[in-house]
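J.: Dropping a prediction and its sequence here:
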Amino acid sequence: MTSGAATAGADRRGPARSGPAGRRRPHTLAALAALAMLTVAALVLGPAPLSSGAGPGPDSSGETVSLTGTAPGARLDATLVRVADPAGPAPDDADRLVSVQLRLENTGTAVYEDSPAAATHLLDAEGHRFTGLSPSTDPGAAGLAGVAGAVFPETVTLDPGSGATGLVVFRLPRDAGLAAVQFALDGGLANDVAQWSLA
């Protein structure tokens with residue numbers, strides 16, 4: 001039965017061509033060879049590694065996610081710009097600081113007023129969830145402002161059509177592996193949650 005299926009497929013292709021019309025052109029063969037080499041390289045090398053430092057972020061950075069909140073007209077586009085790990089000197093030897101840079105754009109009809117630190121969470125490889133540090137009360141977040149860029153203020157207010165870019169800072173154990181970044185409206189409590197994988 002299997003050989004019959006193979007034979008039927010061969011019959012649909014028609015007779016084999018011979019002569020110049022049946023040969024593959026050299027540039028077609030070169031293109032196929034290049035495609036094969038790129039495929040093999042992608043399989044061997046795998047995805048690009050997570051950035052450590054202030055350079056470009058993980059593979060999912062740059063991805064914009066549209067979110068809704070609980071209030072009528074609450075809609076926001078959130079983009080993960082980059083992750084810096086470590087983000088700067090930690091206040092003590094047991095921890096490290098990690099910063100997440102986000103671009104927030106109000107695409108709704110209501111004014112967005114929320115705390116990006118409360119709305120953003122960092123998940124580690126063990127499943128622990130860390131909330132962003134308050135820039136007004138935590139020395140780690142406040143001290144990082146001049147090192148890695150502009151830290152979001154305690155409360156961000158965006159009129160419809162406006163946007164802002166800033167950092168949310170996290171304090172993690174020194175040996176914690178990064179797994180994902182989450183963001184949601186309503187102080188992180190809305191049902192619509194953006195998640196960017198860092199693994």
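T.: Sure, I can see it. Numbers count the residues shown, from 1 in each chain.
J.: tell me what the one helix or strand Phe130 maps to is packed against?
T.: Assessed by DSSP states H and E, Phe130 sits inside strand 129-131. The contact analysis (3 or more C-beta pairs under 8 Å, 6 or more residues apart in numbering; DSSP states H and E) places strand 129-131 against strand 120-124, strand 163-173. The way it works is simple: take the backbone N, C-alpha and C, and place the C-beta from them, glycine included.
J.: I'd like those as a markdown table, with mean neighbour count, mean pLDDT and distance to Gly188 appended.
T.: Shown next, in a markdown table, are the helices and strands packed on strand 129-131 (neighbours: other C-beta atoms under 10 Å; pLDDT from 0 to 100; distance: least, C-beta to C-beta, whole Å):
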| stretch | mean neighbour count | mean pLDDT | distance to Gly188 |
| --- | --- | --- | --- |
| strand 120-124 | 22 | 96 | 6 |
| strand 163-173 | 21 | 93 | 11 |
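J.: who wins for proximity to Pro153 among these?
T.: The minimum distance between Pro153 and those falls on strand 163-173, with 7.8 Å, by C-beta to C-beta.
J.: quick check: angle from the closest one to strand 120-124?
T.: 40 degrees (axes from the mean of the first three to the mean of the last three C-alpha atoms, to 10 degrees).
J.: what residues does the helix or strand following strand 163-173 touch?
T.: Where DSSP H and E defines the elements, the next helix or strand beyond strand 163-173 is strand 178-184. The contact list for strand 178-184 (C-beta atoms under 8 Å, 6 or more residues apart in numbering) reads 50, 65, 67, 78, 80, 83, 85, 98, 100, 102, 116, 119-125, 127, 129, 172, 188, 190-199.
J.: List the pairing partners of strand 178-184 within its sheet, with orientation.
T.: strand 120-124 (antiparallel), strand 193-197 (antiparallel) (DSSP bridges).
J.: Report the rounded mean pLDDT for it.
T.: The pLDDT scores in strand 178-184 average 96.
J.: Just the C-alphas of the helix or strand following that strand, formatted as CSV.
T.: Moving toward the C-terminus from strand 178-184, the next helix or strand (DSSP H and E) is helix 185-188. The C-alpha coordinates for helix 185-188 follow below in CSV (Å, rounded to 0.1, in the frame of the first residue of the first chain):
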residue,chain,number,x,y,z
LEU,A,185,-2.9,47.4,33.9
ASP,A,186,-4.6,48.2,37.2
GLY,A,187,-1.4,47.9,39.2
GLY,A,188,-0.7,44.5,37.8
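J.: which residues touch helix 185-188?
T.: Counting by C-beta under 8 Å, 6+ apart, 67-71, 74, 76, 112, 114-115, 118-121, 131, 182, 192 sit against helix 185-188.
J.: And the residues you listed, which of them are buried?
T.: 67-69, 74, 76, 112, 114-115, 118-121, 131, 182, 192 (16 or more other C-beta atoms under 10 Å).
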